[in-house]
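*Asks:* Sharing a model that was predicted from the sequence below.
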Amino acid sequence: MIPASLARRASHLLAGLSCFIAAACSDDATQPSSRLRPVSLALAVQIGPLGNTLRVDISYRHSGSSGATITLLDQTIDVGVQARAVPVVVDIAPCLSDPLREGASSEGEPACVLHIAVTLLDASRQQVDQSTLPPLTVHAGDNAQAGLAVGTRTSYLSLAPGFDFTCRAVTITGGGTTCWGSNRVSQLGRAPFPDFLEISAGSSFTCGLTRAGEAWCWGDNAAGELGDNLASSRATPTLVKSPVPFTQVVTGLDFACGLAESGTAYCWGENAWASLGDGTKIKHAVPAPVKGSLKFVRLGAGGHAVCGLTDGTVYCWGSFGSNVPSEAQASLGPVTLTGTDVVGVASFALGTNHACGIVADGSAVCYGSNGSGQLGDGTTTDRTSAPVRVSGGLHFTSLTAGNLFTCGMATDGFAYCWGSNAFGQLGVGNSGANRTSPTRVSGNIAFATLVAGENHVCGSTSSGSTYCWGFNQTGQIGDGSTINRNVPTLAK
């Protein structure tokens, strides 16, 4: 049985899967730094088809105004292409002997607060994916085991379901972007497409991110969604006029945001709902920095809102649902999503009027409107004071959210959905009956990625197949019909 003190330490650990502190040794804590035993970490990673090398960066920070970061470990490890436990040993003596270290206290056993970043690299040493853990408090001689979600968002395919269309990019060979469904404002695009690492779709436009950090967009440009300072919509992919390269690009209904290597977020497009986070409600046709000095490790967007993750706390801007922010509310820029500083969110997804996240033990929590059961807590009660835990006891590696529904990939290898099922978007074999708790998607398909659009969902397998289900009025399922599908259906 794990002692309570060790269980408390475990709560700080990111879990795309489950995390726990397995053992600790307190005897060495009072010894001189030269005799302190190092901390041993076992990182359980699931490597996708693009990655075969893991780079682990472990550091600590000074407290106070300087906030300097001191590196304890920078190690590159060849891990192959299968799940495995990767051993990492880090000497924390320099941290424990530093009186200016973050969390230093004269009371109790000396501890060090570690900041751990894990980067997945491909065969050419190009970055494929990155995951940053919430701060981890350790003591001399600790043994820790963590399950990481790094690599889970990357497979052969990147999928981007929009409102009435879907786009798919082949990321392993590049250049293989295709789209289907409605093309009323050129959202299906026109070749040639750049080689994309990932793509993301808004209501009627799509943006893709290249290895060089360039964002390219196409489709509707009525509010400046294409980010090139021009007014016309177009089918040809257009380079976003960004002052910096991006590591991530996300899209809402009619706007987009990019995350710079520095952690600064930039947004462009419609801003009537304060979705750009710059403190105004003025639209921008080129990327503008989000207000404040926050440094994010991950962004998520949905509807008219954006959220960013910083060390377990989620900050959001814009609007959940149809409530238009006042000028005073817009001027605030990013604000803390209530309760996330307590639960320690590791990753998250935004729907039209709700948000869900994965917390330290791998379970999911949700926040916001719940009229269709999209929060998954077994009720239809709105939760706007603090996140509520999703029922069912499942542990998730990723989440995705659409309009009034949520889906996730669980650690058992299957997809689960909950919320509105008006068009069969839950994929459970029927339409109409909403589900207020996670229900397994039909077909026993093991998905590598899962992405929700407005009212449909698409998932890809490790072999490169794409399945979609839900609303299909304009052919967004990709099966050659316009019939709604309530089970995963192969896209042609």
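*Replies:* On my side now, so go ahead.
*Asks:* The strand or helix carrying residue 247 pairs with which strands?
*Replies:* Assigned by DSSP states H and E, residue 247 falls within strand 246-251. Partner strands and pairing direction for strand 246-251 (DSSP bridges) are strand 255-260 (antiparallel).
*Asks:* following the strand it pairs with, which helix or strand shows up next?
*Replies:* Counting by DSSP H and E, what follows strand 255-260 is strand 265-269.
*Asks:* Could you name the helices and strands sitting against that following strand?
*Replies:* strand 255-260, strand 284-289, strand 304-310 (3 or more CB pairs under 8 Å, 6 or more residues apart in numbering; DSSP states H and E). For the C-beta atoms, the positions are set from N, CA and C on the backbone; glycine is no exception.
*Asks:* helices or strands up against the second one?
*Replies:* Using 3+ CB pairs under 8 Å, 6+ apart, the elements in contact with strand 284-289 are strand 265-269.
*Asks:* Now stretch 246-262: buried residues?
*Replies:* 246-260 (16 or more other CB atoms under 10 Å).
*Asks:* if we can go back for a sec, could I get the helices and strands packed on strand 265-269 as TSV with mean pLDDT and distance to residue 477?
*Replies:* Formatted as TSV, those follow (pLDDT from 0 to 100; distance: least, CB to CB, whole Å):
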stretch	mean pLDDT	distance to residue 477
strand 255-260	97	25
strand 284-289	97	33
strand 304-310	93	26
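*Asks:* now these as JSON lines including distance to residue 38?
*Replies:* Shown next, in JSON lines, are these (distance: least, CB to CB, whole Å):
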{"stretch": "strand 255-260", "distance to residue 38": "33"}
{"stretch": "strand 284-289", "distance to residue 38": "40"}
{"stretch": "strand 304-310", "distance to residue 38": "28"}
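*Asks:* Looking at those strands, which is nearest to residue 491?
*Replies:* Checking these against residue 491 by CB to CB gives strand 255-260 as the closest, at 24.3 Å.
*Asks:* Taking strand 265-269 as reference, get the angle to that closest one.
*Replies:* 160 degrees (axes from the mean of the first three to the mean of the last three CA atoms, to 10 degrees).
*Asks:* Could the C-alpha coordinates of strand 255-260 be exported in PDB?
*Replies:* Taking Å, rounded to 0.1, in the frame of the first residue of the first chain, the C-alpha atoms of strand 255-260 are listed here in PDB:
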ATOM      1  CA  PHE A 255     -10.700  32.400 -35.700                       C
ATOM      2  CA  ALA A 256      -7.400  30.600 -35.200                       C
ATOM      3  CA  CYS A 257      -4.500  30.700 -32.700                       C
ATOM      4  CA  GLY A 258      -0.900  29.700 -32.900                       C
ATOM      5  CA  LEU A 259       1.500  28.800 -30.100                       C
ATOM      6  CA  ALA A 260       5.000  30.100 -30.500                       C
END
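*Asks:* what does it contact?
*Replies:* By CB atoms under 8 Å, 6 or more residues apart in numbering, the surrounding residues in contact with strand 255-260 are 200, 202, 205, 207, 209, 215, 217, 223, 225, 227, 240, 242, 244-251, 265-271, 275-277, 287, 290, 296, 298-299, 301, 304, 306, 308.
*Asks:* At which residues are the strands of the stretch 201-350 of the chain located?
*Replies:* 205-209, 215-219, 234-239, 246-251, 255-260, 265-269, 284-289, 298-302, 304-310, 313-319, 335-336, 347-350 (DSSP state E, counting those that start in this stretch).
*Asks:* So which of the helices and strands packed on strand 265-269 is nearest residue 411?
*Replies:* Nearest of the helices and strands packed on strand 265-269 (CB to CB): strand 304-310, 20.4 Å.
*Asks:* which outside residues touch that closest one?
*Replies:* With CB under 8 Å, 6+ apart as the criterion, strand 304-310 contacts 250, 252-253, 255, 257, 259, 263, 265, 267, 273, 275, 277, 290, 294-301, 314-320, 334, 337, 345-348, 350, 355.
*Asks:* partners of that strand in the sheet?
*Replies:* Here, using DSSP bridges, strand 304-310 pairs with strand 298-302 (antiparallel), strand 313-319 (antiparallel).
*Asks:* chain center to that strand, what's the gap?
*Replies:* 10 Å (CA atoms, centre = their mean, to the nearest Å).
*Asks:* could you dump that strand to PDB, C-alpha only?
*Replies:* Taking Å, rounded to 0.1, in the frame of the first residue of the first chain, the C-alpha atoms of strand 304-310 are listed here in PDB:
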ATOM      1  CA  HIS A 304     -15.800  31.100 -29.600                       C
ATOM      2  CA  ALA A 305     -13.400  30.200 -26.800                       C
ATOM      3  CA  VAL A 306      -9.700  29.400 -26.400                       C
ATOM      4  CA  CYS A 307      -7.900  27.800 -23.400                       C
ATOM      5  CA  GLY A 308      -4.200  27.500 -22.700                       C
ATOM      6  CA  LEU A 309      -2.400  25.200 -20.300                       C
ATOM      7  CA  THR A 310       0.400  26.400 -18.000                       C
END
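*Asks:* quick one on the thing from earlier: just the buried members of the contacts of strand 255-260?
*Replies:* 200, 202, 205, 207, 209, 215, 217, 223, 225, 227, 240, 242, 246-251, 265-271, 275-277, 287, 290, 296, 298-299, 301, 304, 306, 308.
*Asks:* tell me the domain boundaries of this protein?
*Replies:* As assigned by automatic domain parsing, the chain contains the domains 4-148, 157-490.
*Asks:* gap between residue 199 and residue 176?
*Replies:* Remark: distance between residue 199 and residue 176 (CB to CB, to the nearest Å) = 11 Å.
*Asks:* which one of the two has more residues nearby?
*Replies:* residue 199 (26 against 16; other CB atoms under 10 Å).
*Asks:* can I assume the more buried one sits in a strand?
*Replies:* Yes - Residue 199: assigned to a strand according to DSSP: H, G, I helix; E, B strand; the rest coil.
*Asks:* thought it was touching residue 177?
*Replies:* Yes - in this structure, residue 199 is within contact of residue 177 by CB atoms under 8 Å, at 7.0 Å.
*Asks:* list the residues that contact both of those two?
*Replies:* 167, 168, 169, 208.
*Asks:* Find the helix or strand that the second one is a member of.
*Replies:* What it means is residue 168. Assigned by DSSP H and E, residue 168 falls in strand 165-170.
*Asks:* now for that strand, which elements pack on it?
*Replies:* On a contact count with 3+ CB pairs under 8 Å, 6+ apart, strand 165-170 meets strand 157-161, strand 178-181, strand 198-201, strand 456-460.
*Asks:* Just send those strands back as JSON lines, with mean pLDDT and distance to residue 98 too.
*Replies:* Output for these, formatted as JSON lines (pLDDT from 0 to 100; distance: least, CB to CB, whole Å):
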{"stretch": "strand 157-161", "mean pLDDT": "87", "distance to residue 98": "42"}
{"stretch": "strand 178-181", "mean pLDDT": "95", "distance to residue 98": "53"}
{"stretch": "strand 198-201", "mean pLDDT": "94", "distance to residue 98": "38"}
{"stretch": "strand 456-460", "mean pLDDT": "94", "distance to residue 98": "46"}
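*Asks:* I appreciate the help and will end here.
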